[in-house]
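**Student:** I would like to see how this sequence folds:
(one chain, ligands or ions: 1)
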Amino acid sequence: MTTRRLVISRSAVLVGAASTGLLRPSSARAQSGRVRVGLMLPYTGTYAQLGVAIENGVRMAIDQQGGLLGGRAIEWFKVDDESEPGKGVENASKLVQRDKVDVLIGTVHSGVQMGIQKVARDTGVLNLIPNAGVHAATRALCCANVFRTSFSNAQPTLALGKAMVDRGHRRAVWITWKYAAGDEAFEGFKQSYTAAGGSIVKELGLPFPNVEFQALLTEIAALKPDAVACFFAGGGAAKFIRDYVAAGLKNKIALYGSGFLTEGMLDAAGPAAEGIITTMHYSDSLDTPRNKQFRLEYAKTFRSQPDVYAVQGYDTGLLLVQGANAVKGDLSAKPALYKALEAAVIDSPRGKWRMSRAHNPVQDIYLRRVENGENKVIRAGGHGRATRSAGHARPAPWLRHCFARAS
Ligand code: BEZ
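**Tutor:** Below you'll find the predicted structure:
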């Protein structure tokens, strides 16, 4: 056979296969091989511990449900995204184009998520966000195939401002890393603090993941506010708390934060973290059988205490199992899969929650204080519940666009 004839006859086979529906690669995969699950998380840098806790949570949830997705075994693929926004598209493409994952779980850093968001929108791959709170993911750039199991950046801080004013702190300095997570956390803080009658004396920032806090702490001492509120997370949060104490500010100016400040690093911060008040969609001390059972099982399995990141990973695993079971493992059955994910009720250690129409958790935000090395719910107002929040105002103007893409 000549080369030309070979090409023509191959094309004929391809056309024939396509017209009979035999060329539906993901559907074909769904009937046979394993489900390909991609993890794109930070495993190095200041957010490394967050990535590990999320992966632990995902695996624990799936293992507890029998280790299968809709009856199919799993093949795992992993990429360290280094919390590096400049490599976001490239890293997500490795999982989607090279590894051909059926679902991409990631990530932690809001800037890196913007790269994933682009790849998810361009390719239609299912993306479950286990942390990154960037607003665009469930607002202007929301789409049918992206679901967040964590929070939106302003969700915790929308509950923080009033709690501070209620404690008599009316003049505050805000300090953060200058990128979407810090800037959007500030949006929530500013809205709630000023609405409650507080005034923001100064907004301070430094680039992510810089931890040279000294000059800014000196400025805070000179400004003499009633309180400081902040967004920091991971290794940088522990350093900020230690430096705050070392600068002699702890007993003079009350320190508050979006709850990430005291998540996963209470051992590293030590006694310096005692007494810090934060707002968050989880608390170690939630006195429910569900949370206690989760914490026990996690500690037994991983020989470490779970934090909010582990909970978010766990909920991501629970969501994926529910979705995959609904379509019997055929993740290419997209309309049915999305319907199941949208309808899912997640029986989480943080309390039961479900998705908003824009695919962000509708959940309780708790007011907590660090006591004896634990984030304890402050039991003011009966249940310690600061707010119930969907992560966006209602009616949300972007929803029409989001819903149009989803249908
Ligand atoms: C973010 O970049 O969205 C983020 C990172 C760590 C904790 C919370 C939010």
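**Student:** beta partners for Asp347?
**Tutor:** Lys352 (DSSP bridges).
**Student:** so what's the residue count around it?
**Tutor:** 11 (other Cβ atoms under 10 Å). In this view, the C-beta of every residue, glycine as well, is placed from N, C-alpha and C.
**Student:** ok, it touching Asn291?
**Tutor:** No - the criterion here is Cβ atoms under 8 Å, and Asp347 misses it with Asn291 at 10.9 Å.
**Student:** for this structure, give me the ranges with low pLDDT.
**Tutor:** Low-confidence segments of the chain, defined by pLDDT under 70: 1-32, 379-407.
**Student:** just want the most central residue of it.
**Tutor:** Taking Cα atoms, centre = their mean, the centroid of the chain lies closest to Asn131, which sits 1.1 Å from it.
**Student:** show me where the stretch 151-300 of the chain has its helices.
**Tutor:** 154-157, 160-166, 180-195, 214-223, 234-246, 266-269, 289-302 (DSSP state H, counting those that start in this stretch).
**Student:** now those in JSON lines, with mean neighbour count and distance to the ligand?
**Tutor:** Output for these, formatted as JSON lines (neighbours: other Cβ atoms under 10 Å; distance: least, Cβ to the nearest ligand atom, whole Å):
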{"stretch": "helix 154-157", "mean neighbour count": "28", "distance to the ligand": "9"}
{"stretch": "helix 160-166", "mean neighbour count": "22", "distance to the ligand": "14"}
{"stretch": "helix 180-195", "mean neighbour count": "22", "distance to the ligand": "3"}
{"stretch": "helix 214-223", "mean neighbour count": "14", "distance to the ligand": "19"}
{"stretch": "helix 234-246", "mean neighbour count": "21", "distance to the ligand": "6"}
{"stretch": "helix 266-269", "mean neighbour count": "18", "distance to the ligand": "15"}
{"stretch": "helix 289-302", "mean neighbour count": "15", "distance to the ligand": "19"}
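**Student:** near the ligand at all, the longest helix along the chain?
**Tutor:** What stands out as the longest helix in the chain, according to DSSP state H, is helix 308-326. No - Helix 308-326 stays clear of the ligand (Cβ under 6 Å from any ligand atom), getting no nearer than 7.8 Å.
**Student:** show me what that helix packs onto, helices and strands only.
**Tutor:** Counting contacts by 3 or more Cβ pairs under 8 Å, 6 or more residues apart in numbering; DSSP states H and E, helix 308-326 is packed against helix 48-64, strand 103-105, strand 126-129, helix 289-302, helix 334-343, strand 345-348.
**Student:** let's see 7 Å
**Tutor:** Packed against helix 308-326, as judged by 3 or more Cβ pairs under 7 Å, 6 or more residues apart in numbering; DSSP states H and E, are the following elements: helix 48-64, strand 126-129, helix 334-343, strand 345-348.
**Student:** nearest to Gly248, out of those?
**Tutor:** helix 48-64 (28.2 Å; Cβ to Cβ).
**Student:** pull the number of nearby residues for the nearest residue to Leu341 once chain neighbours are set aside.
**Tutor:** Among residues not flanking Leu341 along the chain, Gly323 sits closest, at 4.6 Å (Cβ to Cβ, 6 or more residues apart in numbering). Close neighbours of Gly323, defined as other Cβ under 10 Å, add up to 25.
**Student:** could you check how far Gly323 is from Gln65?
**Tutor:** 12 Å (Cβ to Cβ, to the nearest Å).
**Student:** what residues sit buried inside stretch 302-319?
**Tutor:** Across stretch 302-319, burial judged by 16 or more other Cβ atoms under 10 Å covers 302, 305-319.
**Student:** swap in stretch 193-204?
**Tutor:** 193, 198, 200-201, 203-204.
**Student:** ok, the nearest residue to Arg295 once chain neighbours are set aside - contacts?
**Tutor:** Using Cβ to Cβ, 6+ apart and skipping the chain neighbours, the partner closest in space to Arg295 is Pro306 (5.8 Å). Contacts for Pro306 (Cβ atoms under 7 Å, 6 or more residues apart in numbering) come out as 294-295, 298.
**Student:** recalculate using a threshold of 10 Å.
**Tutor:** 53, 56-57, 60, 264, 282, 284, 291, 294-299, 313-314, 349 (Cβ atoms under 10 Å, 6 or more residues apart in numbering).
**Student:** and what of Leu337?
**Tutor:** 70, 102-103, 126, 144-145, 323-324, 326-327, 330-331.
**Student:** which of those are buried?
**Tutor:** Buried subset of these (neighbour count, 16+ other Cβ under 10 Å): 70, 102-103, 126, 144-145, 323-324, 326-327, 330-331.
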